[in-house]
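Trainee: Predicted structure and sequence below. I'll ask about it afterward.
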Amino acid sequence: MQQTRTFTDKVLLVLKGLAMGAANKVPGVSGGVVAFVAGFYEEFIYSLQKINYKAFILLINGRFRSLYHYTNGRFLGLLILGMLISYFSVSKLLDYLILQYELYVWAAFFGMIVGSIYYISKDFDEWSKRSLVFVLLGIMAGVAISFLEPAKQNDNLWFVFFCGMVGVSGMTLPGLSGSFILILLGNYVLLLVDSVNALYDTMADLVVLDFSFMNNPDRIRLLKVILVFGAGSLAGLVTLSHFLGFVLKHYKKDTFAAIIGFITGSLGVVWPWKEKIFKLSANGEMILDSEGNQIIDYYDRYFPTFNSAENWLAIFFIFIGIIIVLGLAWYEKKNQKTAKR
């Protein structure tokens, strides 16, 4: 049964979706962490579980109102609206900020993940040996993934569909960055930059009734790619939500412990102090993407010295990130207490 939501609740849900979408766009950051800290992770997973055979029967029978209530449509719709807005607004702002103020952006994200670890773990009751084992396994998995070597770009539609299924994991698995997984699979630029820009340009053309893109084979290819990627993402969301719904129901404490470990292990991906090592061809020349940008091969992480104002400012942004997460978590708890009265 759907909760009664005020106008403020609806706006907040859109903003949460916006935050999830922005987080999923950034390599190393997980939208699932946003859902976890903001207190709607379980509702999100259980709502996605409702996209099942019964929902399909309601759809083909034209029982749209029943389908809307059965799938918690208002909740999912507002979240998805926020995510869509994010991909064409906040994510572009993030692209700019990372380009111009990379160290400070990574520092803020690092602080937000540290704040998330503290927030999630402080309410974890009864730390047992079993829980600590799952935390350790989560840390090992997070660290292992962060040191994998990226593959080459591949626009085969079956592989793109697979990328969609795997890449959407950042929304459902806190600590696992979908964008970082796409980097490892070699398709980050293709799926989250080139194809999104192609969709944006196509929508702009349609608004002014310009159909010339139909004769552009590159644009058509990218539109096919994003369509298949979207289908794979939807399939991944539904599949993963059923699995996570099962483990949350039967192994909730173990799942939360593994999530805490996984988020901790993922800290290495967003470590602020790192140097870009770019890909080179066999003859030593820089390899460029479709927009003429150098392609990053890997990051060489290092520990900073504290003899520069830049590094001290980065540490300041780490604390800003921690404060943002804990402040949002406090505000969410306050709202929940008010709603219960």
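Mentor: Looks like it arrived, so ask away.
Trainee: could you point out which element follows the longest helix along the chain?
Mentor: Longest helix of the chain, by residue count under DSSP state H: helix 217-250. Using DSSP states H and E, the helix or strand that follows helix 217-250 in sequence is helix 252-265.
Trainee: And the next helix or strand past that following helix?
Mentor: Toward the C-terminus from helix 252-265 - assigned by DSSP H and E - lies strand 274-278.
Trainee: That following strand packs against which elements?
Mentor: strand 296-301 (3 or more CB pairs under 8 Å, 6 or more residues apart in numbering; DSSP states H and E). (Each C-beta comes from the backbone N, C-alpha and C, glycine too.)
Trainee: from memory residue 181 sits against residue 167, does it?
Mentor: Yes. Residue 181 lies in contact with residue 167 (CB atoms under 8 Å); the separation is 5.6 Å.
Trainee: so where is the stretch 1-150 of the chain shaky, pLDDT-wise?
Mentor: In the prediction, the stretch 1-150 of the chain carries residues with pLDDT under 70 at positions 1-5, 26-29, 88, 90-92, 95, 123-126, 146, 148-150.
Trainee: before we move on, the earlier item: run the chain-centre distance for the longest helix of the chain.
Mentor: Its chain's C-alpha centre lies 13 Å from the corresponding centre of helix 217-250 when counted by CA atoms, centre = their mean, to the nearest Å.
Trainee: roughly how far apart are residue 119 and residue 15?
Mentor: 18 Å (CB to CB, to the nearest Å).
Trainee: the more surrounded of those two?
Mentor: With neighbours defined as other CB atoms under 10 Å, residue 119 and residue 15 compare such that residue 119 has more, 19 against 16.
Trainee: what's the neighbour count on residue 208?
Mentor: Residue 208 - counted by other CB under 10 Å - has 6 other residues nearby.
Trainee: Show me what the longest helix of the chain is packed up against.
Mentor: helix 41-49, helix 157-167, helix 169-172, helix 195-207, helix 252-265.
Trainee: can you pull the contacts of residue 244?
Mentor: By CB atoms under 8 Å, 6 or more residues apart in numbering, the contact set of residue 244 is 45, 172-173, 255.
Trainee: how about a cut-off of 7 Å?
Mentor: With contacts defined as CB atoms under 7 Å, 6 or more residues apart in numbering, the neighbours of residue 244 are 45, 172.
Trainee: likewise the one 3 residues further on?
Mentor: Under the criterion of CB under 7 Å, 6+ apart, the contact list for residue 247 reads residue 255.
Trainee: Could you report the pLDDT at it?
Mentor: Residue 247 carries a pLDDT score of 80 in this model.
Trainee: Repeat that for residue 231.
Mentor: Predicted confidence (pLDDT) for residue 231: 91.
Trainee: can you check residue 309 too?
Mentor: 90.
Trainee: same thing with residue 223?
Mentor: The per-residue pLDDT of residue 223 was computed as 90.
Trainee: Now do the contacts for it.
Mentor: 198-199, 202.
Trainee: mind running it again at 10 Å?
Mentor: Residue 223 sits next to 195, 198-199, 201-202, 213, 216 when contact means CB atoms under 10 Å, 6 or more residues apart in numbering.
Trainee: out of the helices and strands packed on helix 217-250, deepest packed?
Mentor: Most buried of the helices and strands packed on helix 217-250 by mean neighbour count (mean count of other CB atoms under 10 Å) is helix 169-172; its value is a mean of 26.
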